[in-house]
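**Q** Attaching a predicted model along with its sequence, questions to come.
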Amino acid sequence: MPGPGAYFFGEEERKELLDVMETGYLSRYGKEDDPRFKHKVVTFEKEFAKYIGTRNAVAVNGGTGALITSLAALGIGPGDEVIVPGYTFIASISSIIYAKAIPILTEIDESLNIDPKDIRKKITKRTKAIMPVHMLGNPCDMDSIMEIAKEFGLYVVEDSCQALGATYKGEKLGSIGDIGAFSLNFNKTITTGDGGVVITDDDNLYERAFGFHDQGHKPYRMGLEIGHRSLIGMNLRINELTGAVALAQLRKTDNIISMLRDKKRKLKNAISGNKKLGFRKINDEGEIATLLTLLFKDNKTAEKFAAELGTKTLAHSGWHVYNHMEQILDKKTVTEYQCPFACKRYGQEVKYYKHMLPRTDEILGRTVNISVGVVDPGIGADFGITVLSDDKEIEQVADKINAVQMS
Ligand SMILES: *Cc1c(COP(=O)(O)O)cnc(C)c1O
């Protein structure tokens, strides 16, 4: 099983679902004066916003949809450049492409998150936004990113899909920039199979995000509404069944995170005597501990270590490495691939090719993920523990790690 939320499916999810099943109200919109209509989606949005500490939340069909909605709310479009790390899930990049804007791939640092120093180098007069991605539950260096954004007048869209519940200097991720996106897919902290959330403190952005996720309607429309639709929407809504599961899962988030932190601490303690092992930089202890990421001195050592445990270095792991994103690599030009009519007009010729980010390649080449809560070969985490592992299992995994011979 992949993300931790899936391990906690139980009575609560069943109860919320049955609530909906018994009413026949499956859409987020129902008859307001009928007490049988249970408002699961709306309740979820309110609780989610409260949990994050932000004014507004819109539930959408997925994390990708949440990112697309965020960019649409900000009005990002043709000719705009958005700065995004080269180590991320492709959805960060594809959402920018579907906004008909240009993703500008940027280096990571030893936190495995976007490197603020490289962000500065990638800014042009066309840059409109930075999309920091809190990779593997670890907060980005948000102070530096917000400082750059302020200096250059850029929006910040936090891709928080892998970091629900994590904090940076006491603030929940997703709420620090202008707008934040979350995923509820089966690999994430909590899950509804598929689903996502957009959050923002800005009421105007909220109205636009809500409209985009519907058919341009104002928030909390009930029934038929014509005459107030200021933008063209996409319908990325979720229904009451998803809302019901989301609600039950959300109420378990803090418990899941504290279990993850506890397991990770135990595993880390059990291998910390091993002087051959280093760890990636954690930008804030508010990380959610879904993974334990080891950083070695060179890629030969990392590869040998990974091979002995039957796993791979991140450079050779599946999904999140730009070098493996054949959808965008070596197209004649990205301008022709993604938006033949719009981008060309702005004279942008951006090409993505293997090894265009040498520092990212170098860091991923000497990094190995050990699973704590997310067990997913797609992120190189097929070896390790799960959120339910007991002390004995944790010890066994630690013993295997400590037994690897390294020069
Ligand atoms: C999972 C993920 C997404 C996309 O979420 P979906 O719900 O699968 O659409 C976007 N960005 C990152 C960093 C992710 O990990």
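**A** Everything's here; your move. Numbers count the residues shown, from 1 in each chain.

**Q** For the rest of this, base every contact and every neighbour count on C-alpha atoms.
**A** Will do.

**Q** Could you check the pLDDT of whichever residue of the stretch 301-407 of the chain sits closest to the ligand?
**A** Evaluated by C-alpha to the nearest ligand atom, the stretch 301-407 of the chain has H320 as its residue closest to the ligand, separated by 8.2 Å. At H320, the predicted lDDT confidence score is 93.

**Q** thought it was touching Y87?
**A** Yes - contact criterion C-alpha atoms under 8 Å: H320 and Y87 qualify, at 5.5 Å.

**Q** more neighbours, the two?
**A** The residue with more neighbours, out of H320 and Y87, is Y87; 27 against 20, by other C-alpha atoms under 10 Å.

**Q** Quick check: which element contains the residue nearest to N274 when sequence neighbours are not counted?
**A** What sits nearest to N274 in space, not counting adjacent residues and going by C-alpha to C-alpha, 6 or more residues apart in numbering, is N402, at 6.6 Å. Applying DSSP states H and E as the criterion places N402 in helix 391-403.

**Q** just the helices in the stretch 1-150 of the chain please.
**A** 11-21, 40-52, 63-74, 90-98, 116-122, 142-152 (DSSP state H, counting those that start in this stretch).

**Q** so for the first one, what's the average pLDDT?
**A** Read it as helix 11-21. Averaging pLDDT residue by residue across helix 11-21 gives 96.

**Q** name the helices or strands packed onto it?
**A** On a contact count with 3 or more C-alpha pairs under 8 Å, 6 or more residues apart in numbering; DSSP states H and E, helix 11-21 meets helix 240-250.

**Q** near the ligand, anything from the helix it packs on?
**A** No - applying C-alpha under 6 Å from any ligand atom, one finds helix 240-250 separated from the ligand by no less than 13.0 Å.

**Q** just the CA coordinates of that helix, formatted as CSV?
**A** What follows is helix 240-250, C-alpha atoms only, in CSV (Å, rounded to 0.1, in the frame of the first residue of the first chain):
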residue,chain,number,x,y,z
GLU,A,240,-20.4,14.0,-1.9
LEU,A,241,-19.0,10.5,-1.8
THR,A,242,-15.4,11.8,-2.2
GLY,A,243,-16.2,14.6,0.2
ALA,A,244,-17.4,12.1,2.8
VAL,A,245,-14.2,10.1,2.7
ALA,A,246,-12.1,13.3,2.6
LEU,A,247,-13.8,14.5,5.8
ALA,A,248,-13.1,11.3,7.7
GLN,A,249,-9.5,11.2,6.5
LEU,A,250,-8.8,14.9,7.3
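
**Q** What residues sit buried inside the longest helix belonging to the chain?
**A** Under DSSP state H, the helix in the chain containing the largest number of residues is helix 253-271. For helix 253-271, burial by neighbour count (16 or more other C-alpha atoms under 10 Å) applies to 253, 256-257, 259-261, 263-264, 266-267, 270-271.

**Q** Just list what the helix holding N402 packs against, helices and strands only.
**A** helix 253-271.

**Q** Now tell me what touches the next helix or strand after the helix it packs on from outside.
**A** Using DSSP H and E, the next helix or strand after helix 253-271 towards the C-terminus is strand 291-295. The list of residues contacting strand 291-295 from outside it, by C-alpha atoms under 8 Å, 6 or more residues apart in numbering, reads 136-137, 264, 268, 277-280, 302, 366-374, 381.

**Q** Strand 291-295 near the ligand at all?
**A** No - Strand 291-295 lies out of reach of the ligand by C-alpha under 6 Å from any ligand atom, never closer than 13.1 Å.

**Q** average pLDDT across that strand?
**A** 96.

**Q** try stretch 323-341
**A** 68.

**Q** returning to what we had before: so the residue nearest to N274 sits against K275, correct?
**A** No - counting by C-alpha under 8 Å, N402 stays clear of K275, with 9.9 Å between them.

**Q** what about the two, which has more around it?
**A** Under the neighbour definition other C-alpha under 10 Å, N402 and K275 were set side by side, and N402 has more, 18 against 8.

**Q** ok, now how distant is the more buried one from A270?
**A** 9 Å (C-alpha to C-alpha, to the nearest Å).

**Q** Please apply the same query to M142.
**A** With distances taken as C-alpha to C-alpha, M142 is found 31 Å from A270.

**Q** Who does the closest residue to the ligand within the stretch 151-300 of the chain form a beta bridge with?
**A** Of all residues in the stretch 151-300 of the chain, the one sitting closest to the ligand is S183 (4.2 Å; C-alpha to the nearest ligand atom). Beta-bridge partners for S183, by DSSP bridges, are G196.

**Q** Give me the neighbour count for R14.
**A** Applying other C-alpha under 10 Å, we find 13 other residues in the vicinity of R14.

**Q** how about the residues of the stretch 151-300 of the chain near the ligand?
**A** 159, 161-162, 183-185, 194-196.

**Q** Kindly recompute the last result at 5 Å.
**A** Counting by C-alpha under 5 Å from any ligand atom, the stretch 151-300 of the chain comes close to the ligand at 161-162, 183, 185.
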